[in-house]
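> Okay, here's the prediction I keep looking at, along with the sequence it came from:
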Amino acid sequence: MRLSIGTLLSALLAGSLLHPGAVSTPLKQGTAPGEVFDNALGDTTDHPTPSNFSIPGTLTSRQEEKKLLTWEEAVEIGKRNIAKLDNAGDDTGCDEVIPSYAENYVERGGKYGSKDFLTRELKISALGYFPEKVLNVVGVSDKSEKITDKSIFSKEQEDGVQQKDRRPVSQNAFLPDKGIIFARSNFLKNDHTPEEKGRIMPGEIMMQVWDELAGSKRDDLQWIVRVHVANEDSANIIRMAREKVGGSMRDLVRITRQDHQEEFEALAGTPNCRGVYPTLATHDFGRLKDRRVTEIVLWEEGGQFNFILMKIERD
């Protein structure tokens, strides 16, 4: 097959040459194109369907129509999500008994559930490309600092799917000493647990794992960092928010609810942020319902090299 010079240049520009020092991350075995990046933390609507991808007017229907999440839609979704945390109380599900993830989920280590190890101690550099400015925001100055990486799979999938095709429901890295969760991939569509058996949202699984690993520091959560964000809806809203506040690509853009209310609300309505609010409101009988997302910091480079940093503080 013969390729033109233009084709070769396009292929090169799509890769790591645009990002000096970037680590190229190939698709994982058995992964459909685009699947790695579509990682919402869980349903944030009042609809009983356990996945926000099957609700009319949300991601699935827009993708079928080739439409992206609009700014107005994101703002409206964000307002509802923020209100769920602002108004957290008995009427938000704080009194609901949420099962332990250990009942229907199983821990595995590795990219797709290698049984050679379980919880992994990794260097932050092993997570792939991280701009130093992004890490500095959350108080990390050394990419060789150790984190704990944990992958949680549905037991139903463990029983019925070949090893190479298994997908984690929740795969995240944790640094309790600095109060950080690096939210890597949280896929509700990878959960094969029947609702009647106690299916729980990926964001709730993430928080239960945080509690286990953080121990006495579990109430010291300060940052949830959405890493390598390439979801098209999220990326589009990131770009629009950055432009509206006059920020630049490949630089930090800080957005607070007080100074940039509409931009803050729009980001709260993106697939990569929307699950955080109801999760904080309901986790562990509302133990964290006095927390608020006070700042959202953006880093935009395009492709999968976008980051959303959510600052968590007590109200």
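Structure received.

> what about the closest residue to I205 other than its chain neighbours, neighbour count?
Using C-beta to C-beta, 6 or more residues apart in numbering and skipping residues adjacent in sequence, the residue nearest I205 is S170, 4.1 Å away. (Glycine included, C-beta is placed from N, CA and C.) If you count neighbours by other C-beta atoms under 10 Å, S170 ends up with 32.

> try I255
I255, neighbours per other C-beta under 10 Å, totals 21.

> Which positions in the helix or strand containing it come out as buried?
Per DSSP states H and E, I255 falls inside strand 252-256. Buried residues in strand 252-256, counted by 16 or more other C-beta atoms under 10 Å: 252-253, 255.

> how about those in a markdown table, adding distance to I147 and pLDDT?
Converted to a markdown table, the buried residues of strand 252-256 look like this (distance: C-beta to C-beta, whole Å; pLDDT from 0 to 100):
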| residue | distance to I147 | pLDDT |
| --- | --- | --- |
| L252 | 21 | 97 |
| V253 | 25 | 98 |
| I255 | 26 | 98 |
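
> Which residues belonging to the longest helix anywhere in the chain are considered buried?
Determined from DSSP state H, the single longest helix within the chain is helix 71-86. By neighbour count on 16+ other C-beta under 10 Å, the buried set for helix 71-86 is 71, 73-75, 77-82, 84-85.

> Quick check: bridge partners of the residue nearest to I205?
I152, N186 (DSSP bridges).

> quick one, what contacts it?
By C-beta atoms under 8 Å, 6 or more residues apart in numbering, S170 lies in contact with 105, 151-152, 185-186, 202, 205-206, 209.

> I'd like the distance between it and Q304.
Remark: distance between S170 and Q304 (C-beta to C-beta, to the nearest Å) = 19 Å.

> quick one, strands of the stretch 101-250 of the chain?
105-108, 120-123, 146-154, 170-175, 180-186, 223-226 (DSSP state E, counting those that start in this stretch).

> The fourth one to strand 146-154, inter-axis angle?
Put plainly, it is strand 170-175. 160 degrees (axes from the mean of the first three to the mean of the last three C-alpha atoms, to 10 degrees).

> Kindly report the same for the fifth one.
Regarding strand 180-186 and strand 146-154, their directions subtend 30 degrees when assessed with the same axes, to 10 degrees.

> Need the per-residue pLDDT for D165.
Residue-level confidence at D165 comes out at 70, pLDDT.

> and it, how far is that from M201?
From D165 to M201 the distance is 23 Å (C-beta to C-beta).

> Comparing those two, which residue is more hemmed in?
M201 (27 against 12).

> Next one: the more buried one from K79, what distance?
In terms of C-beta to C-beta, M201 sits 20 Å off from K79.

> Then G246?
Counting by C-beta to C-beta, the gap from G246 to K79 is 23 Å.

> same thing with N231?
Distance from N231 to K79, by C-beta to C-beta: 20 Å.

> How many residues are close by D290?
12.

> Pop out the phi and psi values for it.
Here is the backbone geometry of D290 (degrees, to the nearest 10): phi -90, psi 0.

> From what I see, it and D315 are in contact.
Yes. Between D290 and D315 there is a contact at 4.9 Å, judged by C-beta atoms under 8 Å.

> Can you give me every residue that contacts T193?
Contacts of T193 (C-beta under 8 Å, 6+ apart): 104-105, 154-156, 199.

> what's the pLDDT at the residue nearest to I205?
In this model, S170 carries a pLDDT of 94.

> repeat for E156
83.

> which residue packs closest to it, ignoring adjacent ones?
With C-beta to C-beta, 6+ apart, the residue lying closest to E156 is H192, at 3.8 Å.

> isn't the one you found right up against S154?
Yes. Here H192 lies in contact with S154, judged by C-beta under 8 Å, at a distance of 4.6 Å.

> A88 - that's part of a strand, no?
No. Per DSSP: H, G, I helix; E, B strand; the rest coil, A88 lies outside any strand segment and is coil.

> Go ahead and confirm it touches G286.
Yes. Between A88 and G286 there is a contact under C-beta under 8 Å: 5.8 Å.

> Neighbour count: the two, which is higher?
Neighbour count, other C-beta under 10 Å: between A88 and G286, A88 has more, with 22 against 18.

> Dihedrals phi and psi, that one?
Torsion angles at A88 (phi, psi; degrees, to the nearest 10) stand at phi -60, psi 130.

> mind checking how far the nearest residue to it once chain neighbours are set aside is from E313?
Nearest non-adjacent residue to A88, counting by C-beta to C-beta, 6+ apart: K289, 3.5 Å away. According to C-beta to C-beta, K289 stands 13 Å off from E313.

> between the two, which one's more packed in?
Using other C-beta under 10 Å, the more surrounded residue of K289 and E313 is K289, with 21 against 12.

> Isn't the more buried one up against T279?
No. Contact status for K289 versus T279: not in contact, 10.7 Å apart, counting by C-beta under 8 Å.

> Mind listing the residues bridging to the closest residue to G247 other than its chain neighbours?
Spatial nearest neighbour of G247, chain neighbours left out: V253 (3.4 Å); criterion: C-beta to C-beta, 6+ apart. Beta-bridge pairing of V253 under DSSP bridges involves L298.
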